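Peer 1: How does the following fold in three dimensions:
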Amino acid sequence: MSRIECSHPRPIRPLVSSRLLSRMSLPLHHSTTTASHNTTSVCIVLAEPVLFLAGMTAAEYCDRGPVMLRGRLIFTLRKAAKIRSVTLSFRGRSSTVWLEGVPPNKTAYSETLKLVSHLWTFFDARNPVPDSQQSPLLDPNASAHLRGFRLFPPGIYAYPFELPLPTALPETIECARGHVRYSLEAIVERPGAFRSNLTAHTDVLLIRNPIEGNLESSEPIAVSRNWDDQLYYDIAISGKAFPIGALIPIAIKLTPLAKVHVHKIKVVITEVIDYYCRNGTIHRAEPPVSLTLYEQSSPSSSSNLLHHIDSWNAGSTEFEWQVPLPACVDKSHPLHCDTTYRNIKVHHTIRIILRLSRTHELDSSKRRHFEISVDSPVHLLSCRCTPVNTDPPAYNKQHISAKDTVPPCPCQNSIPPCKLEYRPMHLLRQPSNAPPAFDADTTPPELTPPPGYDTIASDSQQLGSFEVERADDDGDLGRRHSYLRYRSERGGSLDMSRLYPSAHSLV
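Peer 2: Below you'll find the predicted structure:
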């Protein structure tokens, strides 16, 4: 296998020889971008398709460790070629656009900020190489930095790269009047006026997700209120952060306190986007966008969603829904993720609207209509913030096949919400407090009274005496000692005066 050296810390050598190059293709994983020209091609392969930045607030991600951007720059040559340099650059930029003036003389202004920049120089023929690292494939009489290029033999060259990225960086954002983008660009420079350079480009996705074990985002939203002594309602939302395209479990319990009618229940999500420019001196707020996620209405204007409202034993009515969020591929109802960037702020609010009516105070034949609105802030995460992507892989997973690779966007292969089977939340259900039937009771065993005081152990019943002969120290074998025998019955008492012989009997 041919081998050449360069100024990169590791020697540049083809991974596959030219004989095998025509019979195989290099497997690429995850996101990659390839630029080819005749017999030369270059591509960027990322180790991870996306990078997750943990923490939704500055207090959460300030103390977190960096995330690692890793990958390989793969350079393929089917014929020997002259190469001047091989470089890879990583850039992160934010752009904001705003309008000034009065129509029709409005002027659009833009502000672009550089967030991060890094350059890898894998090979540069213009930098001299020490004599100890000279390649035998090159002419020893001609230096590469004087010629301005180096002859690369055919093969596949891989340049690994890695870069730690702080979690305080803004996540990738795509909005109508602003964006935050990160990209990798590889350039293979070739000498000669009629030879164009090879350029490969790929985007790097940075996604913000809650930290592991964040209880605030997993705690349910619970609201319990009494409306004008007419209706008592309980609303529970299972969580405060949901990925785009996911299902939001919602439970509602309505308890009528009077003859009130509920005509419609609607779930709406509202998105507000604020843009800031020139260190916050210019602020533009987009009009709020409201999207109806779910709606349930009564069959007619005179009907009621509450059950048995006219009976004497009218009780509570409960509703449980799995409300779907629009997927990112649904362009008719676009939703953006919540952001932490100071120049582009996106936040969402979920609203539950109850439309009801009650009898008019002055005219019983008429009804007055009211609307109850309950708002609560929620976080919308990227559709890629799923346990499949954020959780570590299982230890018992021996083989990862091609079908296990995470798709570019889970929304593209998601199942329609109507086909998903779910279990009820039971957030508002309580067990019955009705007592059991009388014949269902089992009689407990009879209690055994304690023994009487006179029947506890006595000398005649519990203890017996026996006599044995033993030799004392003085050799008197005729002396008798009295010992006690403890009977097996419980509650006996011992007479210590009988356990050992008295002092005068041992004399």
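Peer 1: Tell me where the model's unsure across the stretch 51-200 of the chain.
Peer 2: The stretch 51-200 of the chain contains residues with pLDDT under 70 at 128-147.
Peer 1: any idea how far the residue nearest to residue 117 when sequence neighbours are not counted lies from residue 202?
Peer 2: Closest residue to residue 117 apart from its sequence neighbours, by CB to CB, 6 or more residues apart in numbering: residue 91 at 5.3 Å. (C-beta placed from N, C-alpha, C; glycine too.) Going from residue 91 to residue 202 by CB to CB, to the nearest Å gives 12 Å.
Peer 1: And residue 265, by the same measure?
Peer 2: 46 Å.
Peer 1: thought residue 66 was touching residue 169?
Peer 2: No - the pair residue 66 and residue 169 does not pass the contact test of CB atoms under 8 Å, sitting 9.3 Å apart.
Peer 1: okay, those two: which has more neighbours?
Peer 2: Set residue 66 next to residue 169 and count neighbours by other CB atoms under 10 Å: residue 169 wins out with 21 against 14.
Peer 1: Just confirm the more buried one contacts residue 93, I think it does.
Peer 2: No - here residue 169 does not reach residue 93: they are 11.7 Å apart, not a contact under CB under 8 Å.
Peer 1: residue ranges with poor pLDDT in this protein?
Peer 2: 1-37, 128-147, 308-314, 393-441, 456-507.
Peer 1: domain parsing for it?
Peer 2: Using automatic domain parsing, the domain parsing of the chain gives 18-209, 215-390+409-419, 463-506.
Peer 1: Mind putting those domains into JSON lines with distance to residue 455?
Peer 2: Listed next are these as JSON lines, based on distance: least, CB to CB, whole Å:
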{"stretch": "domain 18-209", "distance to residue 455": "73"}
{"stretch": "domain 215-390+409-419", "distance to residue 455": "60"}
{"stretch": "domain 463-506", "distance to residue 455": "8"}
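Peer 1: Helix, strand or coil: sort out residue 444 for me.
Peer 2: Assigned by DSSP: H, G, I helix; E, B strand; the rest coil, the conformation of residue 444 is coil.
Peer 1: So between residue 265 and residue 202, which is more surrounded?
Peer 2: Using other CB under 10 Å, the more surrounded residue of residue 265 and residue 202 is residue 265, with 23 against 19.
Peer 1: What residues does the more buried one make contact with?
Peer 2: Residue 265 is in contact with 252, 295-296, 305, 319, 352-355, counting by CB atoms under 8 Å, 6 or more residues apart in numbering.
Peer 1: What segments of this structure are helices?
Peer 2: 18-21, 58-61, 144-147, 215-218, 387-390, 496-499 (DSSP state H).
Peer 1: which one of the domains of the chain lies closest to residue 454?
Peer 2: domain 463-506 (11.7 Å; CB to CB).
Peer 1: Kindly export stretch 296-305 (C-alpha atoms) in CSV.
Peer 2: What follows is stretch 296-305 as a C-alpha-only set of coordinates in CSV (Å, rounded to 0.1, in the frame of the first residue of the first chain):
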residue,chain,number,x,y,z
GLN,A,296,-65.1,18.8,20.6
SER,A,297,-68.5,20.3,20.2
SER,A,298,-72.0,19.3,21.3
PRO,A,299,-74.2,17.9,18.5
SER,A,300,-76.5,21.0,18.5
SER,A,301,-76.6,24.4,20.1
SER,A,302,-79.2,23.2,22.7
SER,A,303,-77.4,20.0,23.6
ASN,A,304,-74.8,19.7,26.4
LEU,A,305,-71.5,17.9,26.7
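Peer 1: Show me which positions of that stretch end up buried.
Peer 2: For stretch 296-305, a neighbour-count test (16 or more other CB atoms under 10 Å) marks 298, 304-305 as buried.
Peer 1: just stretch 315-334 next, same as before
Peer 2: Neighbour-count burial for stretch 315-334 flags 316-318, 320-328, 334 (criterion: 16+ other CB under 10 Å).
Peer 1: which of those lies closest to residue 99?
Peer 2: residue 334 (20.8 Å).
Peer 1: And that closest one, how far from residue 315?
Peer 2: Between residue 334 and residue 315 the distance is 42 Å, computed by CB to CB.
Peer 1: so residue 235 touches residue 227, yeah?
Peer 2: No - look at residue 235 against residue 227 with CB under 8 Å: they stay out of range, at 12.0 Å.
Peer 1: if we can go back for a sec, which neighbours do residue 91 and residue 202 share?
Peer 2: residue 183.
Peer 1: still on that earlier bit, export the contacts of residue 265 to a markdown table and append columns for distance to residue 450.
Peer 2: Listed next are the contacts of residue 265 as a markdown table, based on distance: CB to CB, whole Å:
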| residue | distance to residue 450 |
| --- | --- |
| 252 | 58 |
| 295 | 70 |
| 296 | 66 |
| 305 | 63 |
| 319 | 59 |
| 352 | 63 |
| 353 | 68 |
| 354 | 64 |
| 355 | 69 |
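Peer 1: Torsion angles phi and psi at residue 105?
Peer 2: For residue 105, the backbone dihedrals (degrees, to the nearest 10) come out as phi -100, psi 30.
Peer 1: hmm, back to that, distance to residue 256 added to the buried residues of stretch 296-305, as CSV?
Peer 2: Compiled in CSV, the buried residues of stretch 296-305 are given as follows (distance: CB to CB, whole Å):
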residue, distance to residue 256
298, 14
304, 9
305, 11
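Peer 1: returning to what we had before: so if I had to pick from residue 235 and residue 227, which one is more boxed in?
Peer 2: Each of residue 235 and residue 227 has its neighbours counted (other CB under 10 Å); residue 235 has more, 23 against 16.
Peer 1: so what's the more buried one closest to, chain neighbours aside?
Peer 2: Closest residue in space to residue 235, ignoring its immediate chain neighbours: residue 223 at 4.5 Å, by CB to CB, 6+ apart.
Peer 1: what about that neighbour, how many residues close to it?
Peer 2: 14.
Peer 1: pretty sure it contacts residue 234?
Peer 2: Yes - counting by CB under 8 Å, residue 223 sits close enough to residue 234 to count as a contact (7.2 Å).
Peer 1: Closest one of the buried residues of stretch 296-305 to residue 261?
Peer 2: Using CB to CB, residue 304 is the member of the buried residues of stretch 296-305 that lies nearest residue 261, at 4.4 Å.
Peer 1: for the closest one, what are its contacts?
Peer 2: 261-263, 298.
Peer 1: filter the residues you listed to the buried ones?
Peer 2: 261-263, 298.
Peer 1: Next step: the buried residues of stretch 315-334 restricted to strands.
Peer 2: Residues of the buried residues of stretch 315-334 located in strands (DSSP state E): 317-318, 320-324.
Peer 1: Many thanks, have a good one.
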